[in-house]
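Asks: below are the sequence and a predicted model for it; my questions follow.
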Amino acid sequence: LATGLKDTAALVNKPWQRTVGHYSHADMGSREIDGHRVTSSRASAITVCDVFETDLTWAGE
């Protein structure tokens, strides 16, 4: 972010939602270890940022 990249969720006013770490052995808790970033020149193209949760994504929990 310090280099000017923009977080796609923030661009569309979405709260952070984890997309990895849904496993019982992940004992460090919820934390952002991945993200989707775009350059400033592409930021205006971002209109939506959604995370889809299913039984499969929570299979290890």
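Replies: Good, I have the coordinates. Numbering: from 1, shown residues only.
Asks: so who does Ala9 touch?
Replies: Contact analysis of Ala9 by CB atoms under 8 Å, 6 or more residues apart in numbering lists Pro15, Trp16, Gln17, Gly35, His36, Cys49. Any C-beta I mention is one placed from the backbone N, CA and C, and that applies to glycine too.
Asks: quick check: which element contains the second one?
Replies: In the assignment (DSSP states H and E), Trp16 maps to no helix and no strand.
Asks: and it, how far from Ser41?
Replies: 24 Å (CB to CB, to the nearest Å).
Asks: more crowded one of these two?
Replies: More crowded of Trp16 and Ser41, by other CB atoms under 10 Å: Trp16, with 13 against 9.
Asks: and His36, what pLDDT?
Replies: As predicted, His36 sits at a pLDDT of 85.
Asks: surely it and Lys6 touch.
Replies: No. Between His36 and Lys6 there is no contact under CB atoms under 8 Å: 9.6 Å.
Asks: of the two, who's got more company?
Replies: More crowded of His36 and Lys6, by other CB under 10 Å: Lys6, with 18 against 14.
Asks: so where's the chain shaky on pLDDT?
Replies: Across the chain, residues meeting the criterion (pLDDT under 70) sit at 1, 20-33, 57-61.
Asks: quick one, helices of it?
Replies: Per DSSP state H, the chain carries helices over the ranges 8-11.
Asks: tell me where it has strands.
Replies: 6-7, 37-38 (DSSP state E).
Asks: quickly compare these and say which is most buried.
Replies: Among the strands of the chain, ranked by average contacts under mean count of other CB atoms under 10 Å, first place goes to strand 6-7 (a mean of 18).
Asks: if anything else comes up later, I'll come back, but that's it for now.
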